[in-house]
Structure formats: structure tokens, C-alpha cells
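# build me a model:
(one chain, ligands or ions: 2)
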Amino acid sequence: MAANEFALELRNVFSGYGEIEVLQDVSISVRRNAIVSILGANGAGKSTLLKTIFGIVRPTSGQILLGGDDVTLLPPIETLRRGVSYVPEGRSNFPGLTVHENLEMGAYIRDDRDGVLADIKTLYERFPILGEKRDAMAGNLSGGQQQALEMGIALMLRPQVILIDEPTLGLAPILVTEVFKAIQDINDGGTTVVLVEQNAPRALEISDYAFVLELGRIRFQGPAQELAANEEIIEAYLGER
Ligand SMILES: Nc1ncnc2c1ncn2[C@@H]1O[C@H](COP(=O)(O)OP(=O)(O)OP(=O)(O)O)[C@@H](O)[C@H]1O
Ligand SMILES: [Mg+2]
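Residues are numbered from 1 along each chain as shown. Ligands and ions are numbered 1, 2, ... in the order given. Model (predicted):
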């Protein structure tokens, strides 16, 4: 097998916040072009896992590999440069700038102006609502539109891997469907997706593979369809929240 069959790998990673240990011996492999879900109850360490991959939280031991390269101790800006985008929980756009300006800001580490404009045009085709709202202030968008913008901003870096934290939290059901569709679309475009979701059934529908975290440890992993059909696991770790 090729060494870089996996877009992303964590090997025996421990990380946390100072004295507080969160991730314990976490090993995860994400196949190229897959959608992989990270599931688990509140406080399980899902957000910490994404922050650790991105470089916001530093592992105390273990290894993180991107396409086979060791990136364990790289800061976020270097992780970005290596093709990983991070969509944190909640909003992180500039509410006082327009949709278009926010997308331009998303490309801040790129210096190919023409390429950036072409990518924004492509994004407007992929997410027509962003095109319609291109001159609207980001702060005036609805929750679902905000989330589409967040993902659009992250895509401006032409990432190979996108890390998305709870994109449907607090959204109306119709918007939830749109967000999941957008994630599938992003994946169809060739981007590997690592998705943290509280909506396990919906996340599993679009995922290839899933990991279940509990108290900072991986308790289960397997093909998404297998997990979706495993009532014991669903009941034990993914019940109604
Ligand atoms: N900045 C921080 N400083 C200290 N402890 C933190 C910090 N952020 C998170 N924690 C702790 O780390 C643990 C895991 O939190 P994390 O946010 O990763 O969980 P989560 O699975 O994303 O939960 P949720 O579903 O609520 O988003 C929790 O016990 C939390 O209190
Ligand atoms: Mg979280």
C-alpha cells in the first residue's frame, strides 16, 4: 500500500490543556477523499481532536501525519499551508464585511489574485445562495447561510483536508439538510472531510467511516453503515443529546 494512502493519520496522540489531559492514546486514519465522522457525547474531546490536528492544541505525545509527512508540532499557519482548513464551531467570519469580502479574506495566504477570483466564482456556482448574497453583510445572513459562508471561506484555501466542527448546531432541519449536502459536495470536489457532529444519524449517512470518542479515547471505529446499524454502540455513546 502507498505510504500516503491516508490523507491524515494520528498515532497514539495525547493532548490537552496544561494539566487537563483530554485526548488519550488516540489513533485515527483518514483515507484520501473520504468523509470521516468523529462522534461522541458533550465533552468527549471532539473539538480538542480537531484543534490538535490543526495545531491550536499541541500534542504532549504521539504523531500527526499529513499525506505521510510528520506535522505533529507545526503551528496552525503551517498546517494551513500544507492544505488543511479548519471550520471552528460557531461563527468566525467578519460580520461587517460582505460575503464577497469574507471569501477574499479566506484566501489571505494566496497571492494569485486571478485564481482567487476564479475560485470565488466557482464557489458561487456551487453555493448559489452565496452568489445571491455576495454584497450582503455577513452579519446579516441566516444561520444556514452563515455556515455555507464558513465552509466557503475554508475552501478558499483549496484545502486537501477540511476539518469541520458541528456545522449544523442550532440550525433548522431544512438548513441541516443543506449543510450536509454542501459537505458531500465539497467531498465530491476532491477534498477529504473530517466532520464532528452531534447529529450522528445524519452524519453517518454521508460518511464513509466513523470514530466514536468517549472521555478522550476512541471506543469504536468502523464503516459508517456498520456503525449506523449497531444499536448497542448507538445507545451507549450516541443517544439523544
Ligand atoms: N480551553 C480549554 N481549557 C481547559 N479545558 C478545556 C478547554 N477546552 C475544552 N476543555 C475540556 O476538554 C474536554 C473536552 O472538550 P471538547 O470541547 O474537546 O469536547 P467536545 O467533544 O467537543 O464537546 P461538545 O460536544 O460539547 O462540543 C472537556 O472536559 C472540556 O471541559
Ligand atoms: Mg465541541
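# residue contacts, the closest residue to F127 other than its chain neighbours?
In space, and not counting its chain neighbours, F127 is closest to A148: 5.0 Å by CB to CB, 6 or more residues apart in numbering. Quick note: C-beta positions are derived from backbone N, CA and C, even for glycine. By CB atoms under 8 Å, 6 or more residues apart in numbering, A148 lies in contact with 127, 129-130, 178-179, 182.
# and A148, what pLDDT?
Looking at A148, its pLDDT stands at 88.
# does it sit in a helix or strand, and which one?
helix 143-155 (DSSP states H and E).
# how distant is that helix from the center of its chain?
On the basis of CA atoms, centre = their mean, to the nearest Å, helix 143-155 sits 12 Å off its chain's mean C-alpha point.
# and I77, which of the three is it?
Assigned by DSSP: H, G, I helix; E, B strand; the rest coil, the conformation of I77 is helix.
# following the helix holding A148, which helix or strand comes up?
Moving toward the C-terminus from helix 143-155, the next helix or strand (DSSP H and E) is strand 161-165.
# do that next one and ligand 2 meet?
No: for strand 161-165, no contact with ligand 2 is found by CB under 5 Å from the ion; the gap never falls below 6.0 Å.
# paired strands for that strand, with orientation please.
Paired with strand 161-165 in the same sheet, following DSSP bridges, are strand 84-87 (parallel), strand 192-196 (parallel).
# using CSV, lay out these together with mean neighbour count, distance to ligand 2 and mean pLDDT.
Output for those, formatted as CSV (neighbours: other CB atoms under 10 Å; distance: least, CB to the ion, whole Å; pLDDT from 0 to 100):
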stretch, mean neighbour count, distance to ligand 2, mean pLDDT
strand 84-87, 24, 12, 95
strand 192-196, 24, 6, 98
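# so what pairs up with the nearest residue to P159 once chain neighbours are set aside in the strands?
Sequence neighbours aside, S85 is the residue nearest to P159 in space, at 3.8 Å (criterion: CB to CB, 6+ apart). Listed beta-bridge partners, S85: I162 (assigned using DSSP bridges).
# so S85 sits right up against A154, yeah?
Yes: at 3.8 Å, S85 and A154 qualify as touching, with contact defined as CB atoms under 8 Å.
# separation between E150 and ligand 2?
According to CB to the ion, to the nearest Å, E150 stands 15 Å off from ligand 2.
# ok, that residue to N33 distance?
22 Å (CB to CB, to the nearest Å).
# and the helices in this structure?
For the chain, the helices defined by DSSP state H occupy 46-54, 76-81, 99-106, 113-126, 128-132, 143-155, 173-188, 200-206, 224-228, 231-237.
# quick one: list the elements packing against the fifth one.
Think helix 128-132. Under the contact definition 3 or more CB pairs under 8 Å, 6 or more residues apart in numbering; DSSP states H and E, helix 128-132 sits against helix 113-126, helix 143-155.
# check the fourth one too.
Here helix 113-126 touches helix 99-106, helix 128-132, helix 143-155, going by 3+ CB pairs under 8 Å, 6+ apart.
# quick revisit: residues of the helix holding A148 that come out buried?
If you call a residue buried by 16 or more other CB atoms under 10 Å, then helix 143-155 has these buried ones: 144-155.
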